[in-house]
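Visitor: Can you look at this prediction? I've put the sequence above it.
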Amino acid sequence: MDTISLGTRRKAPSAPRSTPVALLGLWLERARSRRQLRLLLANPHALADLGLSRDEADLESIKPFWR
(Lines give C-alpha, C1' and ligand atoms only; values in the text may rest on other atoms or scores of the structure.)
Protein backbone atom coordinates (compact mmCIF):
# COMPACT_ATOMS: atom_id res chain seq x y z
CA MET A 1 0.00 0.00 0.00
CA ASP A 2 1.32 3.44 -0.91
CA THR A 3 1.39 6.22 1.64
CA ILE A 4 0.29 9.71 0.85
CA SER A 5 2.30 12.60 2.22
CA LEU A 6 0.40 15.75 3.00
CA GLY A 7 3.58 17.76 3.16
CA THR A 8 3.21 18.52 6.83
CA ARG A 9 6.13 18.00 9.13
CA ARG A 10 6.26 18.24 12.83
CA LYS A 11 8.91 20.53 14.15
CA ALA A 12 11.29 19.26 16.76
CA PRO A 13 10.60 20.83 20.14
CA SER A 14 12.69 23.93 20.48
CA ALA A 15 14.54 25.06 23.56
CA PRO A 16 12.50 27.24 25.87
CA ARG A 17 12.75 30.90 25.07
CA SER A 18 14.66 33.10 27.44
CA THR A 19 11.76 35.32 28.34
CA PRO A 20 11.32 36.75 31.81
CA VAL A 21 8.23 34.59 32.30
CA ALA A 22 10.07 31.42 31.26
CA LEU A 23 12.97 32.32 33.52
CA LEU A 24 10.64 32.92 36.44
CA GLY A 25 9.00 29.54 35.82
CA LEU A 26 12.40 27.83 35.77
CA TRP A 27 13.40 29.51 39.03
CA LEU A 28 10.14 28.52 40.71
CA GLU A 29 10.56 24.91 39.59
CA ARG A 30 14.14 24.78 40.87
CA ALA A 31 13.13 26.24 44.23
CA ARG A 32 10.27 23.74 44.56
CA SER A 33 12.36 20.72 43.61
CA ARG A 34 15.17 21.72 45.95
CA ARG A 35 12.71 22.16 48.85
CA GLN A 36 11.40 18.65 48.15
CA LEU A 37 14.92 17.29 47.98
CA ARG A 38 15.68 18.80 51.41
CA LEU A 39 12.71 16.89 52.80
CA LEU A 40 14.12 13.65 51.38
CA LEU A 41 17.48 14.07 53.13
CA ALA A 42 16.04 12.31 56.16
CA ASN A 43 15.03 9.27 54.10
CA PRO A 44 18.03 7.30 52.78
CA HIS A 45 15.76 4.80 50.99
CA ALA A 46 14.11 7.56 48.94
CA LEU A 47 17.51 8.98 48.02
CA ALA A 48 18.68 5.52 46.96
CA ASP A 49 15.58 5.22 44.76
CA LEU A 50 16.60 8.45 43.07
CA GLY A 51 20.18 7.26 42.71
CA LEU A 52 21.55 10.04 44.90
CA SER A 53 23.88 9.93 47.83
CA ARG A 54 23.13 12.06 50.86
CA ASP A 55 26.06 14.34 49.98
CA GLU A 56 24.85 14.82 46.40
CA ALA A 57 21.32 15.60 47.56
CA ASP A 58 22.61 17.98 50.20
CA LEU A 59 24.79 19.87 47.69
CA GLU A 60 21.90 20.18 45.23
CA SER A 61 19.38 21.22 47.86
CA ILE A 62 21.45 24.16 49.11
CA LYS A 63 22.02 25.69 45.66
CA PRO A 64 20.26 29.00 45.12
CA PHE A 65 17.33 28.87 42.69
CA TRP A 66 19.17 30.93 40.06
CA ARG A 67 21.93 28.32 39.65
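Guide: Great, that's in hand.
Visitor: Now do A42, the pLDDT please.
Guide: Predicted confidence (pLDDT) for A42: 92.
Visitor: typo on my end, L28
Guide: pLDDT for L28: 96.
Visitor: Please identify the helix or strand for it.
Guide: Using DSSP states H and E, L28 maps to helix 20-40.
Visitor: what's the next secondary structure element after that helix?
Guide: helix 44-50.
Visitor: one step back: starting at the chain centroid, how far to the helix holding L28?
Guide: Centroid separation for helix 20-40 versus its chain: 9 Å, with C-alpha atoms, centre = their mean, to the nearest Å.
Visitor: which residues are in contact with that helix?
Guide: Applying C-beta atoms under 8 Å, 6 or more residues apart in numbering, the contact partners of helix 20-40 are 16, 46-47, 50, 57, 60-63, 65-66. Heads up, the C-betas are built off the backbone N, CA and C, glycines and all.
Visitor: Give me the buried positions along it.
Guide: For helix 20-40, burial by neighbour count (16 or more other C-beta atoms under 10 Å) applies to 30, 34, 37, 40.
Visitor: now those residues as CSV including distance to P20?
Guide: Formatted as CSV, the buried residues of helix 20-40 follow (distance: C-beta to C-beta, whole Å):
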residue, distance to P20
R30, 16
R34, 21
L37, 26
L40, 31
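Visitor: Quick check: the gap between K63 and A31.
Guide: 10 Å (C-beta to C-beta, to the nearest Å).
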